[in-house]
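**Q** Show me the folded form of this:
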Amino acid sequence: MPHPHAASEPTHQQCNEERKPRVLLADDEEPVRVLTTRILARQGWEVTAVSDGRAAVAAWPSDGSPFDLVILDVRMPGMSGGEACEELGRIHPEAHFLFISGYIGEEERTRLPKGERIAFLAKPFSPGELLAEARALLHREPATKMLAVGGQAG
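**A** You can find the predicted model right below:
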């Protein structure tokens, strides 16, 4: 679980973003949602937090203004983070995804979608780790399309 006062992450932007990122966060653990939202919001990032994968898909804007980053817990009831990633990737192929989990084996991790705009961060993580991974991911440009589960181009 992230700790809201750990790490010495500066409050000013170091990424020279022209605007603050919009983030969609899906995690079924309320304390993780609250703390992760707080970490990102303290940087001025706009966060929409939901409790499962289906809610993440439903929260995707239909007005053509996509989220810059989607943070998904791997294991959630109903629709998993991997399933939500595949669905959202079909809606917006340029989306960036950060999977988070504290309970994932190597076999389960290899079944997650793959691509240059997809990363994984193990729980617990510090605010600095979350922000560093999120910023690095936002600056990645894809060389290929997102790969679906099993490595098939999607």
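
**Q** All the strands of this protein, residue numbers only.
**A** Along the chain, the segments classed as strands by DSSP state E run 22-26, 46-50, 69-73, 96-101, 118-122.

**Q** So for residue 112, which of the ones you listed sits nearest?
**A** strand 96-101 (6.0 Å; CB to CB). C-beta: built from backbone N, CA, C; applies to glycine.

**Q** List the neighbouring strands of that closest one plus their orientation.
**A** Strand pairing for strand 96-101, using DSSP bridges, gives strand 69-73 (parallel), strand 118-122 (parallel).

**Q** And the nearest residue to residue 81 once chain neighbours are set aside, how far from residue 88?
**A** Distance criterion CB to CB, 6 or more residues apart in numbering; nearest residue to residue 81, sequence neighbours excluded, is residue 72 at 3.5 Å. Distance of residue 72 to residue 88, computed by CB to CB, to the nearest Å: 9 Å.

**Q** shared neighbours of those two, which are they?
**A** Each of 56, 97 lies in contact with both residue 72 and residue 88 under the rule CB atoms under 8 Å, 6 or more residues apart in numbering.

**Q** With only the CA atoms kept, save the lowest-mean-pLDDT helix or strand in the chain in PDB.
**A** Within the chain, no helix or strand scores below helix 106-110, which has a mean of 75 by mean pLDDT, DSSP states H and E. Provided in PDB are the C-alpha atoms of helix 106-110 (Å, rounded to 0.1, in the frame of the first residue of the first chain):
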ATOM      1  CA  GLU A 106       5.300 -14.500 -12.700                       C
ATOM      2  CA  GLU A 107       2.900 -16.700 -14.700                       C
ATOM      3  CA  GLU A 108       0.000 -14.300 -14.100                       C
ATOM      4  CA  ARG A 109       2.300 -11.300 -15.000                       C
ATOM      5  CA  THR A 110       3.300 -12.900 -18.300                       C
END
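
**Q** How about that helix, which residues are buried there?
**A** Residues of helix 106-110 classed as buried by neighbour count (16 or more other CB atoms under 10 Å): none.

**Q** Kindly reformat the strands of the chain as TSV containing mean pLDDT.
**A** Below are the strands of the chain laid out as TSV (pLDDT from 0 to 100):
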stretch	mean pLDDT
strand 22-26	98
strand 46-50	98
strand 69-73	97
strand 96-101	95
strand 118-122	92
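
**Q** so which of these is the most packed in?
**A** Mean neighbour count (mean count of other CB atoms under 10 Å) peaks for strand 69-73 among the strands of the chain, with a mean of 27.
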